[in-house]
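*Asks:* here is the input, now give the coordinates:
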Amino acid sequence: MFFTPSAAVADAAKPVKFSETVTGKGFLTNSGSVSVVLSDGRVISPLRFKSGASGWEAEIETGLWVRGGAQ
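*Replies:* Model (predicted):
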């Protein structure tokens with residue numbers, strides 16, 4: 001599943017930077033929207049979200065991503 005609420009398209013030339021301080025703890029989906037739970041206790045709506053068999057990734061700020069395990 002790939003979710004892009006802002007209809008932004010990933011630029012393949014830009015390297016992806018993952019947060020070194022915050023991790024993803026889980027996510028919730030409801031009627032097409034996604035909320036991500038972060039290790040610091042925040043619950044946010046990510047800019048972009050990808051989910052697969054091995055886990056998920058969410059862009060929490062422009063250019064900054066977090067990873068989470070499979071749910």
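
*Asks:* and the strands in this structure, which stretches?
*Replies:* Secondary structure of the chain (DSSP state E): strands located at 2-3, 17-18, 24-30, 33-38, 43-44, 48-52, 55-61, 64-68.

*Asks:* could you export these as a markdown table, including mean neighbour count and mean pLDDT?
*Replies:* For every residue, glycine as well, the C-beta is placed using N, CA and C. Listed next are the strands of the chain as a markdown table, based on neighbours: other C-beta atoms under 10 Å; pLDDT from 0 to 100:
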| stretch | mean neighbour count | mean pLDDT |
| --- | --- | --- |
| strand 2-3 | 14 | 57 |
| strand 17-18 | 12 | 94 |
| strand 24-30 | 14 | 96 |
| strand 33-38 | 17 | 97 |
| strand 43-44 | 13 | 98 |
| strand 48-52 | 18 | 94 |
| strand 55-61 | 19 | 96 |
| strand 64-68 | 18 | 96 |
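
*Asks:* touching, residue 43 and residue 37? I think so.
*Replies:* Yes - the pair residue 43 / residue 37 is scored as a contact, 5.4 Å apart, by C-beta atoms under 8 Å.

*Asks:* nearest residue to the middle of the chain?
*Replies:* The centroid of the chain falls nearest to residue 58 when counting by C-alpha atoms, centre = their mean (0.9 Å).
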